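> Pasted the sequence and its predicted model underneath.
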Amino acid sequence: MPSLSSISLPALQDGGYLQHIPSLNRGLQLALKSNVTFFMGENGSGKSTLLEGIAEKCGFNIRGGNRNHNHNTGHRFNGYQSDLAPYINLAWSPQGNRRFFYAGGEFF
């Protein structure tokens, strides 16, 4: 099973709230080299926004649960979607495990 190896995001000039998140608005390049990655920061720093975008790109319901509880009604989830997901690019390594745990919610 592949594992997430990198996350990239271009500079955001969407005119919306995303361009006002300093940790995301200038773009992002993250190489994930460990089996465990922690996102830490102040409230409002973009942690949940980033994780929800990643979750949606992976087919998870960003309201919680797992892929077996996705309540999918097409590409987006019942009117609740990540505004960041369309901009995120994910790269996968051929080895590893595609599992997520989000302490502020319930992606598994």
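All right, it came through fine. Here the structure is a predicted model, which is why all the values come from computation and not from measurement.

> Just give me the neighbour total for Leu4.
20 (other Cβ atoms under 10 Å). The C-beta positions use only the backbone N, C-alpha and C, and glycine is treated the same way.

> Mind listing the strands the host helix or strand of it pairs with, and their directions?
Following DSSP states H and E, one finds Leu4 within strand 3-9. Paired neighbours of strand 3-9 in the sheet (DSSP bridges): strand 28-31 (antiparallel), strand 89-93 (antiparallel).

> Including distance to Ser48, mean pLDDT and mean neighbour count, could these go into TSV?
Converted to TSV, the strands paired with strand 3-9 look like this (distance: least, Cβ to Cβ, whole Å; pLDDT from 0 to 100; neighbours: other Cβ atoms under 10 Å):
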stretch	distance to Ser48	mean pLDDT	mean neighbour count
strand 28-31	15	93	12
strand 89-93	17	91	13
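
> In JSON lines: those, plus distance to Ser6.
Shown next, in JSON lines, are these (distance: least, Cβ to Cβ, whole Å):
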{"stretch": "strand 28-31", "distance to Ser6": "5"}
{"stretch": "strand 89-93", "distance to Ser6": "4"}
